[in-house]
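Q: Sharing a sequence plus its predicted fold:
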Amino acid sequence: MADTEQSTTPRIGVLAIQGDFAAHADALRDAGAEPVLVRKPEQLAGLDGLVLPGGESTTFLKLLERANFLDSLQQFVKTSPTFGTCAGCILLAKEVLHPAQPSLGVLDATVERNAYGRQIDSVIENAETKLGLMELVYIRAPRIVKTGPDVEILAERDGFPVLVSQGNILAATFHPELSSDRLVHRYFVDRVREHAARA
């Protein structure tokens, strides 16, 4: 019985050192997962998946380096389901521009930081995606300007990908946690369940 419960209610961490991690935790709970706030490398143990929330990507890197977190995070995202939104998407990309900066390098994509302007240029759009009609909340959003052949594009804005998938990685340039629409989080939770079942 315990195994069944574990497979139907996956434990998904939310990196909780910056950004709106609480909103992601609420969205994961609504989507049928057990959210776990992660602030230390050892808290990655036993998780079925992980969310890297929005925030400021350079600040993320500094905090991760200070906590000796980068190596553990790198190993986790290589093998476990991981969902990065906004700054989380930047951290996952192989190449970061405007300006260039280090990253985890697991998503075969080039991401341009702050591509849509300042905070006042934030926007909410409704768009048809491969997951269905969705509300997309953009706040100082990055732009995915290039993707590799193994990257599946699930949603676009102005001809640029805004939701992509590659292997165990899911990445969005928008903020699904700020929408009442739980479509993306349910999709990620389902992927985590499938990964756990295969494992």
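A: Perfect, I can see it now.

Q: Residues in contact with stretch 79-87: which ones?
A: Outside stretch 79-87, the residues that touch it by C-beta atoms under 8 Å, 6 or more residues apart in numbering are 18-19, 24, 47-57, 60, 76, 90-92, 106-107, 139-142, 168-177, 184, 188, 191-192, 195. The C-beta positions use only the backbone N, C-alpha and C, and glycine is treated the same way.

Q: How about the secondary structure of the most centrally placed residue in the chain?
A: Central residue of the chain (C-alpha atoms, centre = their mean): G84, 1.5 Å from the mean position. Under the three-state scheme (DSSP: H, G, I helix; E, B strand; the rest coil), G84 adopts strand.

Q: looking at it, E156 is touching V162, isn't it?
A: Yes: counting by C-beta atoms under 8 Å, E156 does reach V162; the two are 6.1 Å apart.

Q: Who has more neighbours out of the two?
A: V162 (25 against 16; other C-beta atoms under 10 Å).

Q: could you say what helices and strands the one helix or strand the more buried one maps to packs with?
A: Assigned by DSSP states H and E, V162 belongs to strand 160-166. Counting contacts by 3 or more C-beta pairs under 8 Å, 6 or more residues apart in numbering; DSSP states H and E, strand 160-166 packs against strand 107-112, strand 143-147, strand 152-157, strand 169-172.

Q: Same list, those strands, but as TSV with mean pLDDT and distance to E128 please.
A: Output for the helices and strands packed on strand 160-166, formatted as TSV (pLDDT from 0 to 100; distance: least, C-beta to C-beta, whole Å):
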stretch	mean pLDDT	distance to E128
strand 107-112	97	22
strand 143-147	96	18
strand 152-157	96	8
strand 169-172	98	16
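
Q: and the longest helix for the protein?
A: Scanning the chain for the longest helix, with DSSP state H as the assignment, gives helix 183-198.

Q: Report the mean confidence score over that helix.
A: For helix 183-198, mean pLDDT rounds to 96.

Q: give me the beta-bridge partners of the residue nearest to the centre of the chain?
A: L52, A171 (DSSP bridges).

Q: Name every strand pairing with the strand holding V162 and say which way it goes.
A: In the sheet, strand 160-166 lines up with strand 152-157 (antiparallel), strand 169-172 (antiparallel) (DSSP bridges).
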